[in-house]
Every structure is written in structure tokens, then in C-alpha cells.
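J.: Starting from these lines, generate the structure:
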Amino acid sequence: FQAEDGIRDGDIEDVMNDVYEETLALYPEERIQQLIKEALETDIVIPESHYQHVLLETYQQASDWKEKLRMLKSFPTPTFDDIPLLDAALNEEKV
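T.: All right, here's what the predicted structure looks like:
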């Protein structure tokens, strides 16, 4: 079973559950409410992306995989200096 960001192995139901959990991690209730509020208050159709650089130490201190996933989602284009962070993320069981 292939996904846009790579290949996902396993039973289709397990894969779908993982995708569902990842979606909830990226868009928790407070983020959805914030997006709704912003959409209702503006005429802009496409919201601007706000990227935030994450330090390896900050990433490693996060105990919840959902928080780590949100950090990576809002990460700007990586540089050579970000290789240790990306290496840590790639070695995570779930992110």
C-alpha cells in the first residue's frame, strides 16, 4: 500500500488507523478551531504557511510522537545543519 510520503506496510485497516492517528496529531481540535476562525475572518482562500525551525534538543525533549510530528510538519526547508534532527526523526518508530 503506497502513500504520498512513502510506503506503508501492513493490513489496510492498520494502515488506515495509523493515517487517522497521524491526521489527528497534525490537526488537534484547537488547531481545527483556529483554522475555522481564521477562515471565517478573512477573504484569503489559501492560508499562509508559518514555518518554525526546530532544534534537535527540542525535538528530543518532546515525549509524544504527535508533538514531534507537528514539529516536523511546520519545519522549513532543511539545511545541512538539520541532518542530525532528520536522522533522529527517521529513526523514530512512529513519526
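J.: In this structure A89 contacts W65, no?
T.: No: look at A89 against W65 with Cβ atoms under 8 Å: they stay out of range, at 10.4 Å. Placement of C-beta: from N, CA and C, glycine included.
J.: Compare the two and say which is more crowded by neighbours.
T.: Using other Cβ atoms under 10 Å, the more surrounded residue of A89 and W65 is A89, with 18 against 15.
J.: Which of the helices or strands spans that one?
T.: Using DSSP states H and E, A89 maps to helix 83-90.
J.: can you give me the mean pLDDT across that helix?
T.: Across helix 83-90, pLDDT averages out at 93.
J.: Can you show me the helices along the protein?
T.: With helices called from DSSP state H, the chain shows them at 12-26, 29-41, 56-61, 65-73, 83-90.
J.: In JSON lines: the ones you listed, plus distance to S49.
T.: As requested, the helices of the chain are exported to JSON lines (distance: least, Cβ to Cβ, whole Å):
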{"stretch": "helix 12-26", "distance to S49": "13"}
{"stretch": "helix 29-41", "distance to S49": "12"}
{"stretch": "helix 56-61", "distance to S49": "19"}
{"stretch": "helix 65-73", "distance to S49": "10"}
{"stretch": "helix 83-90", "distance to S49": "19"}
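J.: ranking these by burial, who's on top?
T.: helix 65-73 (a mean of 17; mean count of other Cβ atoms under 10 Å).
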